[in-house]
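Engineer: what's the 3D shape of this:
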Amino acid sequence: MAGATTEPAGLNGDGSAARSASVIANVFDVLRCFTVQEPLQGVTEIAAQVGLHKSSVSRILATLEREGIVERDDLSRKFRLGLGLLAVAGPLLADLDVRRVSLPMLRDLSAATGESAALVLWDGAEAVTVEQVPSAQNIKHTTPLGTRYASPLNASVQVFLAELPDDTARARIEDAAAQTGRGADELLARLHRTRERGFAVNYGDTFPEEVGISAPVRDHRGETVAAVLLAAPLYRVDDRRLEELGRACAHTAAQISARLGAVPA
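Structural biologist: Residues are numbered from 1 along each chain as shown. Alright, predicted model coming up:
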């Protein structure tokens, strides 16, 4: 129609696009407050840095917390970045030292065993897959990066729970015992077994056709910072093979730990 005018793409009369862009910019400003030097941030501190009202910062953080992008520190109740970022930010994975150190050894482990090898981290409640080398065999078990495991029947979860004092581990286990159909005493005994032999086993407990084997990766302080996970079809794993895979998994975890500065036990 003659004389009609058009607005630039992405803009409209009520300015909603501009407001949306402003909200997104505020979210990134909030996230940039979390640094290596200052990983813990409170609402007041963030508000002062980004020039927003505390109520606005609280709303942004509440949304990010629901998505796992940030999480609260148990002691200070301040916020820090969460592992939910791994599900949406692939480049972040390349900056994780443990992942970079682990990848060549995961490849060797997968080649030596013929099974899928993965690295998982702990976000305080769940184990999260951050790296994976799929088996070269036609029949294999793999999961997307960012996959989360919460059940104490999962081998990787057992590795992290086994690092906790018995009373703390029992409290975590009792919350999930009803869902697994196993008693808390049985699940706690699995954690004791994990500590004794150096690796955890999920022999068809979460999926009837899959075996998961996991071992802890420790840093220079001796703290468990990750876990190596082997996944294999159950039909390929008898008792003898289970022990072989367990030893191989634990050996690779120990190699990675040594690269991170851990002192051999």
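
Engineer: quick one: residue 261 and residue 67, what's the gap?
Structural biologist: 33 Å (CB to CB, to the nearest Å). In this view, the C-beta of every residue, glycine as well, is placed from N, C-alpha and C.

Engineer: Using neighbour counts, pick out the buried residues of stretch 129-141.
Structural biologist: For stretch 129-141, a neighbour-count test (16 or more other CB atoms under 10 Å) marks 129-133, 135, 140-141 as buried.

Engineer: okay, that stretch in CSV with CA atoms only?
Structural biologist: Backbone C-alpha positions of stretch 129-141 (Å, rounded to 0.1, in the frame of the first residue of the first chain) are rendered in CSV as follows:
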residue,chain,number,x,y,z
THR,A,129,28.1,-37.6,31.5
VAL,A,130,30.6,-35.1,30.1
GLU,A,131,32.7,-37.2,27.8
GLN,A,132,32.2,-40.5,26.0
VAL,A,133,34.1,-42.9,23.6
PRO,A,134,31.6,-45.3,22.0
SER,A,135,32.5,-49.0,21.5
ALA,A,136,33.5,-49.9,18.0
GLN,A,137,31.2,-53.0,18.2
ASN,A,138,27.9,-53.0,16.4
ILE,A,139,26.0,-53.7,19.6
LYS,A,140,26.9,-51.1,22.3
HIS,A,141,25.5,-48.9,25.0
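
Engineer: which SS state does residue 192 fall under?
Structural biologist: helix (DSSP: H, G, I helix; E, B strand; the rest coil).

Engineer: quick one: it from residue 162, how far?
Structural biologist: 8 Å.

Engineer: what about these two, which has more around it?
Structural biologist: residue 162 (23 against 12; other CB atoms under 10 Å).

Engineer: Pretty sure the more buried one sits against residue 196.
Structural biologist: No: if you go by CB atoms under 8 Å, residue 162 and residue 196 don't touch, sitting 9.7 Å apart.

Engineer: low pLDDT regions in the stretch 51-200 of the chain?
Structural biologist: 86-96, 177-178 (pLDDT under 70).

Engineer: mind listing the strands for it?
Structural biologist: In the stretch 51-200 of the chain, the strands defined using DSSP state E, counting those that start in this stretch lie at 70-72, 79-81, 116-122, 127-133, 148-149, 200-203.
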